[in-house]
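Peer 1: can you look at this prediction? I've put the sequence above it.
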Amino acid sequence: MRPFFKAAVPAFALALLLAGCSGGEDAREGSQEQGDGAGQGSPGTVEAGEAIAEGTFSYPELDGEITFEIHSLQARGDLMQMDYSITPEEPASDAPSSPYLRSLLGAGTGANIYLIDMENLLRYETVADEDTEQLEPDPWETAIPYGEKTTLTAFFAAPRDGMKAADVYFYGFQPIMNVPVSGAGESE
């Protein structure tokens, strides 16, 4: 487990330096530091509570459905952390035998998840580390077994003050609308 932390600490530090969104430098102005919680979590499997928003969608090219649940969307210092889960139904035919984000959802390199702040008209993509790897689950290595809930995490730039909700887009599906953002603009 030690190598993970050696890799995660520089990635997190760089993410803090490079955190930004399509709104430019001023998008980070006014974000509040949030104590010790800013370094917790990483892209990958996490524990999560009840869903605050969810959506069920048909697969793009297969006969079946997949459910996305968002458990939290929280400002944490210079970043915003989203914990979510994916529960894929086994497609009726032509199902990949080992479902991964790449094989089942067509996820590729780069940002596959993004947020739209309708209040400020900004798009937030997942931030990248020093190796330009997006801080979201790796589509080549993240297994999502059929019929099982897999809980994951992604990181974005901190929200602008006043951002109360975001529309969340996963892997080319329709958005999950009006997901509440906690911790945005709140003082410690």
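Peer 2: That came through, no problem.
Peer 1: pull the longest strand from the chain.
Peer 2: Ranked by residue count and defined by DSSP state E, the top strand of the chain is strand 65-76.
Peer 1: following the helix or strand of the chain with the lowest mean pLDDT, which helix or strand shows up next?
Peer 2: None of the helices or strands of the chain scores lower by mean pLDDT, DSSP states H and E than helix 2-18, at a mean of 42. Per DSSP states H and E, helix 2-18 leads on to strand 53-58 as the next helix or strand towards the C-terminus.
Peer 1: show me what that following strand is packed up against.
Peer 2: Contacts defined by 3 or more Cβ pairs under 8 Å, 6 or more residues apart in numbering; DSSP states H and E place strand 53-58 against strand 65-76, strand 176-180. Placement of C-beta: from N, CA and C, glycine included.
Peer 1: coming back round to it: what is the longest strand of the chain packed up against?
Peer 2: Helices and strands touching strand 65-76, by 3+ Cβ pairs under 8 Å, 6+ apart, are strand 53-58, strand 79-88, strand 165-170, strand 176-180.
Peer 1: specify the beta-bridge partners of I116.
Peer 2: R123, D167 (DSSP bridges).
Peer 1: need the per-residue pLDDT for it.
Peer 2: As predicted, I116 sits at a pLDDT of 95.
Peer 1: go on, the one 3 residues further on?
Peer 2: If you check E119, the pLDDT there is 89.
Peer 1: touching, it and K164? I think so.
Peer 2: Yes: shown here, E119 and K164 form a contact pair, counting by Cβ atoms under 8 Å, at 6.7 Å.
Peer 1: common neighbours of the two, please.
Peer 2: Common contacts of E119 and K164 (Cβ atoms under 8 Å, 6 or more residues apart in numbering): none found.
Peer 1: low pLDDT regions in this structure?
Peer 2: Low-confidence segments of the chain, defined by pLDDT under 70: 1-48, 107-111, 184-188.
Peer 1: can we see that at 50?
Peer 2: 1-45, 187-188 (pLDDT under 50).
Peer 1: enumerate the positions of stretch 162-175 that are buried.
Peer 2: Neighbour counts over stretch 162-175 (16 or more other Cβ atoms under 10 Å) mark 163, 165-171, 173 as buried.
Peer 1: quick check: bridge partners of A53?
Peer 2: Taking DSSP bridges as the rule, A53 bridges to I70.
Peer 1: who are the contact partners of it?
Peer 2: A53 is in contact with 69-70, 168, 176-180, counting by Cβ under 8 Å, 6+ apart.
Peer 1: coming back round to it: now the longest strand of the chain against strand 79-88, angle please.
Peer 2: Counting by axes from the mean of the first three to the mean of the last three Cα atoms, to 10 degrees, strand 65-76 lies at 170 degrees to strand 79-88.
Peer 1: that'll do, ta.
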